[in-house]
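>>> this is a predicted model, with the sequence first.
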Amino acid sequence: MFGKKLKRLHRPLVAALLAGAVALPAQAETLADTMVAAYRHSALLEQNRAVLRAADEDAAAALAALRPIVQWVADYSYQNIEGFDANSASLSLQAQMTLYDWGRSAIAIDIAKESVLATRAALVGVEQDVLLGAVQAYLDVRSATEQVELQANSVRVIGQEQQAASDRFEVGEITQTDVSQADASLAEARAELATAQGDLQTARENYRAMTGHFPGDLSPPPPTPKLPATLVEARAIGQRSHPLIQQGKRETAASELGVAAANAERNPELTGSAGIQTQRSKTPSGGGISTTTDIGSVSLSMSQTIYSGGRLPSAHRKAMAQRDATRASLLHTARQVDQAVGTSWAGIDVARAQISAIDEQIVAARQAYNGVREESLLGARTTLDVLDAEQVVLEAMANKITAEANLQLAHYQLLSAMGLLTVENLKLGIPTYDPTAYYNAVQDAPFTSRQGESLDRVLRSIGKK
């Protein structure tokens, strides 16, 4: 009679252990919500946007080098000559401009523009890193939450097993050893629960660091993103689209121009200057009479370095070495992107195979557990056998949680490796930072004008003024 009662007790306990579905509230946060929050919260994105604006100003400064420089100069001097005071004062307005430098300034402008484009690509790379980090944080919280629920169920189930073992010991069906084994398993389950709870707290902190707030209830992940049909196609997309490759191409182009710029330093430079000066002086020879003189001047100057002590040839060789370095870096980056695509593709295949195998393992482990449970009630199995069978089921279910998270993450890692993990490509439906707005406002190096007013509007829109 006691054995039948115990059998009825264990069936609902096993069902509680094996139940994997958890009811979610209607307003759970989605993966898209997490990525949007990370995009808006990221200080790293703000930092790199500011770096891009600085690069935009470099382009403006390169253009400004072709314009005249106008400045005023005021001078005053005093002398005492044989007891007589002599002093003079002057005020002048001067303008100087490079008229022709045989391409040096034009090359500098092109280098600055290539640097702007490289920095824009780097910003896209940072955006990908932020979004992938958000996906990782989301999946970590989801997995850790499920692990805590699974381990909590395990503690409840093994607690009931331990109580049942104590009851059976009281009536003489099992020995004290069986009870001790149940006690040890319960303690182990509690330790695993504590570990899972610690992992969940860590995951929640990581989520907060990425998004600016602790996670609420997270909805199940959406269907995995659509991927290319073949690995070859995925690799080709990565080589075309990955921001690190785009950045490397622009940096290589800039380094090619750097060689031309170093070579152009040997060319002549023609400059023109003009000035207006008013000078007032009082000298002893004039009997202490002040004189005022107005002077206007215009001049042309051409210069060229004939000998630089080896500085210019050294600069040219350095530019060629830097060009070779950026070429090699681009090749290395392309290979890394190719490897990342292949690794992520393999990760998807591995995770799918793991999930399929684990599903089979769970079915078999459940059947084995039920069989061992029945045999235990008939005295053919020990309490340890039952606890071991329960542990196999628990480990399989925990492994499935990890494998499902790995499958989701591998899809987004593949998108990142192909250069497609962006707000625009994911269609998250939020306003994004426009990397061209600031450049368009400063590209003509405005001082005060309608362009300056446009720059003010851009600064206000990004909250920097």
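Thanks, I have the structure now.
>>> so which elements touch the regular element (helix or strand) spanning Glu360?
Assigned by DSSP states H and E, Glu360 belongs to helix 311-377. Where contact means 3 or more Cβ pairs under 8 Å, 6 or more residues apart in numbering; DSSP states H and E, helix 311-377 is packed against helix 2-18, helix 231-241, helix 243-264, helix 383-417. (Glycine included, C-beta is placed from N, CA and C.)
>>> mind listing the helices for the stretch 101-250 of the chain?
Under the criterion DSSP state H, counting those that start in this stretch, the stretch 101-250 of the chain contains helices at 104-170, 176-211, 231-241, 243-264.
>>> got the phi/psi numbers for the closest residue to Tyr433 other than its chain neighbours?
Nearest residue to Tyr433, sequence neighbours excluded (Cβ to Cβ, 6 or more residues apart in numbering): Arg49, at 5.9 Å. Dihedral pair for Arg49: phi -70, psi -40, per degrees, to the nearest 10.
>>> can you check the one 5 residues further on too?
Listed backbone geometry of Ala54 is phi -60, psi -40, with angles given as degrees, to the nearest 10.
>>> what's the first-to-last distance across stretch 80-88?
12 Å (Cα to Cα, to the nearest Å).
>>> next, format the helices and strands packed on helix 311-377 as a markdown table and append mean neighbour count.
Listed next are these as a markdown table, based on neighbours: other Cβ atoms under 10 Å:
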| stretch | mean neighbour count |
| --- | --- |
| helix 2-18 | 14 |
| helix 231-241 | 17 |
| helix 243-264 | 21 |
| helix 383-417 | 21 |
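>>> out of those, flag the one nearest Ser180.
helix 383-417 (9.3 Å; Cβ to Cβ).
>>> helices and strands around the closest one, which ones?
Counting by 3+ Cβ pairs under 8 Å, 6+ apart, helix 383-417 packs on helix 2-18, helix 104-170, helix 176-211, helix 231-241, helix 311-377.
>>> pLDDT of it, averaged?
Helix 383-417 carries an average pLDDT of 89.
>>> following that helix, which helix or strand comes up?
Next along from helix 383-417, by DSSP H and E: helix 423-426.
>>> how about that following helix as PDB, C-alpha atoms only?
Output in PDB follows, covering the C-alpha atoms of helix 423-426 (Å, rounded to 0.1, in the frame of the first residue of the first chain):
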ATOM      1  CA  VAL A 423      20.100  48.600 -37.300                       C
ATOM      2  CA  GLU A 424      19.300  49.300 -40.900                       C
ATOM      3  CA  ASN A 425      19.800  45.700 -42.100                       C
ATOM      4  CA  LEU A 426      17.900  44.300 -39.200                       C
END
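>>> got the contact list for that helix?
32, 35-36, 39, 127, 131, 225, 415, 430, 432 (Cβ atoms under 8 Å, 6 or more residues apart in numbering).
>>> quick one: distance of that helix to the chain centre.
Averaged C-alpha coordinates place helix 423-426 at 15 Å from its chain's average position (Cα atoms, centre = their mean, to the nearest Å).
>>> how far out from the middle of the chain is the following helix or strand past it?
As assigned by DSSP H and E, the chain's next helix or strand after helix 423-426 is helix 435-442. Relative to its chain's centre, helix 435-442 lies at 22 Å (Cα atoms, centre = their mean).
>>> longest strand of this protein?
Counting residues, the longest strand found in the chain (DSSP state E) is strand 84-100.
>>> that strand pairs with which strands?
strand 69-81 (antiparallel), strand 269-282 (antiparallel) (DSSP bridges).
>>> and for that strand, what are the contacting residues?
65-80, 105, 269-284, 288, 295, 300.
>>> PyMOL command to pick out the buried ones of those?
Here is the PyMOL command that selects only those of the contacts of strand 84-100 that count as buried (16 or more other Cβ atoms under 10 Å):
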select buried, resi 105+269+275+277+281+282+283
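>>> that older thread, tell me which of the helices and strands packed on helix 383-417 sits most buried.
helix 104-170 (a mean of 21; mean count of other Cβ atoms under 10 Å).
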